[in-house]
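Novice: sequence-free structure coming up:
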């Protein structure tokens, strides 16, 4: 191998080394560019994810507030309806108590005449059409009107004794009223059955004609 051939080989080797270095430098630049773009893409995705999470949080909060608002309005509506119903029942109970007192006074004044039972069939029919829940609710309201809460803490021993005597009298009066109402119910049942029998008799007479 001549000296000239050795020089050519070295020159080709140096040229190859330069090309290799250039390729490596280009690859590194391309790799850095790709990594930078990938980093930006990940940052953009993270930002989008953060924005979506914030939007979902706001939507969930708005949905929660709307549901809470609707629940509050529904509860207020129910409370208002319950209060109005209670007020109507209290008024009805007060009128019924007034009517019973009036009927009782009339019975006592008339010597227990039959006049007080004139509207009994209608009253009985109205009572029969009420549901168990309505009757129970009316009972509670009636008791709340008649029986007020006791404030015993502010009373001394003499006042408590006087209150006990007063309650005993109330119990005796209630038992008396209960007996009167039971008798009235018996009278109402009798008159209602009597009315039914008269209606049946009238229908039979019409059928015979």
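Specialist: Perfect, thanks for sending it. The model shown is predicted, which means the values in this text are computed figures rather than measured ones.

Novice: Every contact and neighbour count from this point should use C-alpha atoms.
Specialist: Fine.

Novice: What strand or helix carries residue 31?
Specialist: helix 3-109 (DSSP states H and E).

Novice: what packs against that helix?
Specialist: In terms of contacts (3 or more CA pairs under 8 Å, 6 or more residues apart in numbering; DSSP states H and E), helix 3-109 is packed against helix 132-146.

Novice: for the helix or strand following the helix it packs on, what is the average pLDDT?
Specialist: Following helix 132-146 in sequence order, the next helix or strand is helix 157-208 (DSSP H and E). Mean per-residue pLDDT for helix 157-208: 87.

Novice: Next, the angle from helix 157-208 to helix 132-146.
Specialist: Helix 157-208 runs at 140 degrees relative to helix 132-146, counting by axes from the mean of the first three to the mean of the last three CA atoms, to 10 degrees.

Novice: which strands and helices sit next to helix 157-208?
Specialist: Going by 3+ CA pairs under 8 Å, 6+ apart, helix 157-208 lies up against helix 120-129.

Novice: cutoff 6 Å now
Specialist: Using 3 or more CA pairs under 6 Å, 6 or more residues apart in numbering; DSSP states H and E as the contact test, no helix or strand touches helix 157-208.

Novice: That one relative to helix 3-109, how many degrees between them?
Specialist: Computed by the same axes, to 10 degrees, the angle separating helix 157-208 from helix 3-109 equals 80 degrees.

Novice: And the residue minimising distance to the centre of the chain, how far from residue 134?
Specialist: Centroid-nearest residue in the chain, with CA atoms, centre = their mean: residue 75, separated by 5.4 Å. Using CA to CA, to the nearest Å, one obtains 21 Å as the distance from residue 75 to residue 134.

Novice: cool, residue 189 as well?
Specialist: Distance, residue 189 to residue 134, by CA to CA: 21 Å.

Novice: the more surrounded of the two?
Specialist: Neighbours per residue (other CA atoms under 10 Å) separate residue 189 from residue 134, with residue 189 holding more: 16 against 13.

Novice: what's near enough to touch the more buried one?
Specialist: The contact partners of residue 189, by CA atoms under 6 Å, 6 or more residues apart in numbering, come to none.
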